[in-house]
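Student: sequence and computational prediction follow.
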Amino acid sequence: MSRARFYLVGFSALVLVDTWTQLSFKLASHQTGEFVMTTAWLKAAVASPWIYGAIAGYLSAFFTWMTLLKHAPVGPAFAASHLDVVTVLMLSALLFGEQLSALKIAGATCIVLGIVLLSLSESKDVTARATVD
């Protein structure tokens, strides 16, 4: 598998798993209600299947992230790992009716542009190092 394909598949998997995790937490919170430090709330949380979806998502994200870090440059990898903020924002608007303000859209755009710029700068650094060697 080529390096570019590895990154595309790996980061897509990471975003998918991280998005799943955050949406699972949102769905669990809808089932359990507002957090109150009581035994009843804790029982409701433990009974929610979405909590287990979130735990599975965290474990999957951890292993995916460790695999990616073994091969990917840290700067762009760290930035790309935060793309789930954008996907959760968009899916929360679609699935839960949350409002998308101009400020939220501007923030999401900044995240995406930051990832693109870091990736471009890293690819230029790799190209420059390859021509020097």
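Tutor: All right, it came through fine. Every value quoted in this text rests on a predicted model; they were computed, and no experiment measured them. Numbering: from 1, shown residues only.
Student: quick one: name whatever helix or strand follows the helix or strand harbouring Tyr52.
Tutor: Per DSSP states H and E: Tyr52 is located in helix 49-71. Counting by DSSP H and E, the next helix or strand C-terminal to helix 49-71 is helix 74-80.
Student: give me the angle between the helix or strand following that following helix and helix 49-71.
Tutor: Counting by DSSP H and E, the next helix or strand C-terminal to helix 74-80 is helix 84-96. Relative orientation of helix 84-96 versus helix 49-71 (axes from the mean of the first three to the mean of the last three CA atoms, to 10 degrees): 160 degrees.
Student: what's helix 84-96 in contact with?
Tutor: 14-15, 18-19, 22-23, 26, 98-100, 104, 108, 111-112 (CB atoms under 8 Å, 6 or more residues apart in numbering). Where C-beta positions appear, they are placed from N, C-alpha and C, glycine not excepted.
Student: 7 Å instead?
Tutor: Residues external to helix 84-96 that are found in contact with it (CB atoms under 7 Å, 6 or more residues apart in numbering): Val15, Asp18, Thr19, Gln22, Leu23, Lys26, Glu98, Leu100, Lys104, Ala108, Ile111, Val112.
Student: select only the buried ones of those residues in PyMOL?
Tutor: Typed into PyMOL, the line below selects the buried ones among the contacts of helix 84-96, using 16 or more other CB atoms under 10 Å:
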select buried, resi 15+18+19+22+23+26+104+108+111
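Student: can you tell me how far Glu34 sits from Leu95?
Tutor: 19 Å (CB to CB, to the nearest Å).
Student: okay, those two: which has more neighbours?
Tutor: When Glu34 and Leu95 are compared for neighbours, Leu95 comes out ahead with 12 against 6, by other CB atoms under 10 Å.
Student: helices and strands around the lowest-mean-pLDDT helix or strand in the chain, which ones?
Tutor: None of the helices or strands of the chain scores lower by mean pLDDT, DSSP states H and E than helix 74-80, at a mean of 74. In terms of contacts (3 or more CB pairs under 7 Å, 6 or more residues apart in numbering; DSSP states H and E), helix 74-80 is packed against helix 102-132.
Student: fine by me, we can end here.
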